[in-house]
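[1] predicted model, plus sequence, below.
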Amino acid sequence: MDHLDAVADELRADEPRITDAMKNYISYLGALVGQAEDGSTIPPPDLAQLTTCAKVALKQCNAHRLQSSAEWANANPQGEHELGSDRIEALTRYKACVLLAGQITSAGGKVTKLLGRKYLRATKAWGEVAPGVASELLALGIPSVVVERFVEGFSRTLEEKKGEGEDVASLVWSSDFQAQLRARQQARQAEISERRERMQGNQDQSAMLREALRGGMEEEAEDEAERFVEVGDSS
């Protein structure tokens, strides 16, 4: 019980909350230029459409009822390479999520306003609500390309493995979106500056090489001319 309480405290303290992360996410998508299969660019989604996507996703997350711990354990059996200690931890975290979600809804609160990314990871709730979110958005007339980008992109921010989605996740699941955005911009500017310096360095080296080669060719030409003169004089 002590460990269960500790896990519950960890989940309560997890920030940003799901609602805040969703705001970060649609801000990110609103500035994202996509690319179609034919290579053409896809303009950023309409902000009104993204807002609708976020509202539907949050509504369905709050309406979602978690399975009991026993049901979830049966539906999510221990992995082939999952250690016993990891399995116990996963079940403990899920049980803590069930208890917290029950307390929140009983008090008239919303899970998305009081819990964060660790809750979604521990329960795998997003994977269960995502199909329903996509169906409702399509029924509301949101373009399929926007729905797909929204649902799949948010799924990637919840992945535990390091990869392409982790960079976006660090932005979406940041407690200070603007500070994280500024840090990314500064890092990008530094990278651009370093690239320019390398290019300039390469250009300088190329110029030095050309100059050296030109100098060498001129010396060979002078030597050849001197030899020609010497031959002419001797004859």
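    Right, received. Where do you want to start?
[2] quick check: closest non-adjacent residue to residue 124.
    Nearest residue to residue 124, sequence neighbours excluded (Cβ to Cβ, 6 or more residues apart in numbering): residue 76, at 7.1 Å. In this view, the C-beta of every residue, glycine as well, is placed from N, C-alpha and C.
[3] okay, now the one you found: neighbour count?
    Residues lying near residue 76 (other Cβ atoms under 10 Å) number 15.
[4] that one and residue 51, how far apart?
    With the distance defined as Cβ to Cβ, to the nearest Å, residue 76 ends up 33 Å from residue 51.
[5] pull out the buried positions in the host helix or strand of residue 100.
    Using DSSP states H and E, residue 100 sits in helix 84-106. For helix 84-106, the neighbour count (16 or more other Cβ atoms under 10 Å) marks 90-101, 104 as buried.
[6] returning to what we had before: state the distance from the residue nearest to residue 124 to residue 115.
    From residue 76 across to residue 115, the span is 19 Å (Cβ to Cβ).
[7] residue 126 contacts residue 158, doesn't it?
    Yes: contact criterion Cβ atoms under 8 Å: residue 126 and residue 158 qualify, at 5.9 Å.
[8] could you tell me how many residues sit around residue 74?
    Neighbours of residue 74 (other Cβ under 10 Å): 10.
[9] do you know how far it is from residue 61?
    Plainly put, residue 74 is 23 Å away from residue 61 if you go by Cβ to Cβ.
[10] one more: residue 136?
    If you go by Cβ to Cβ, the gap between residue 136 and residue 61 works out to 12 Å.
[11] which one's more surrounded, these two?
    residue 61 (23 against 17).
[12] that's a helix at residue 137, yeah?
    Yes: secondary structure of residue 137 (DSSP: H, G, I helix; E, B strand; the rest coil): part of a helix.
[13] ok, it touching residue 149?
    No: contact criterion Cβ under 8 Å: residue 137 and residue 149 do not qualify, at 11.2 Å.
[14] which one's more surrounded, those two?
    Ranked by neighbour count (other Cβ under 10 Å), residue 137 and residue 149 place residue 137 first, with 23 against 18.
[15] circling back: which neighbours do residue 126 and residue 158 share?
    residue 120 (Cβ atoms under 8 Å, 6 or more residues apart in numbering).
[16] more neighbours: which of the two?
    Shown here are residue 126 and residue 158; by other Cβ under 10 Å, residue 126 has more neighbours (22 against 18).
[17] so which strand or helix has that one?
    In this structure, residue 126 sits in helix 125-139 according to DSSP H and E.
[18] that helix - contacts with which helices or strands?
    Packing partners of helix 125-139 (3 or more Cβ pairs under 8 Å, 6 or more residues apart in numbering; DSSP states H and E): helix 47-63, helix 144-156.
[19] let me see the mean pLDDT of that helix.
    Across helix 125-139, pLDDT averages out at 97.
[20] go on, stretch 21-38?
    78.
[21] now stretch 172-182
    The average of the pLDDT scores along stretch 172-182 is 82.
[22] the bottom helix or strand of this structure by mean pLDDT?
    Within the chain, no helix or strand scores below strand 34-35, which has a mean of 56 by mean pLDDT, DSSP states H and E.
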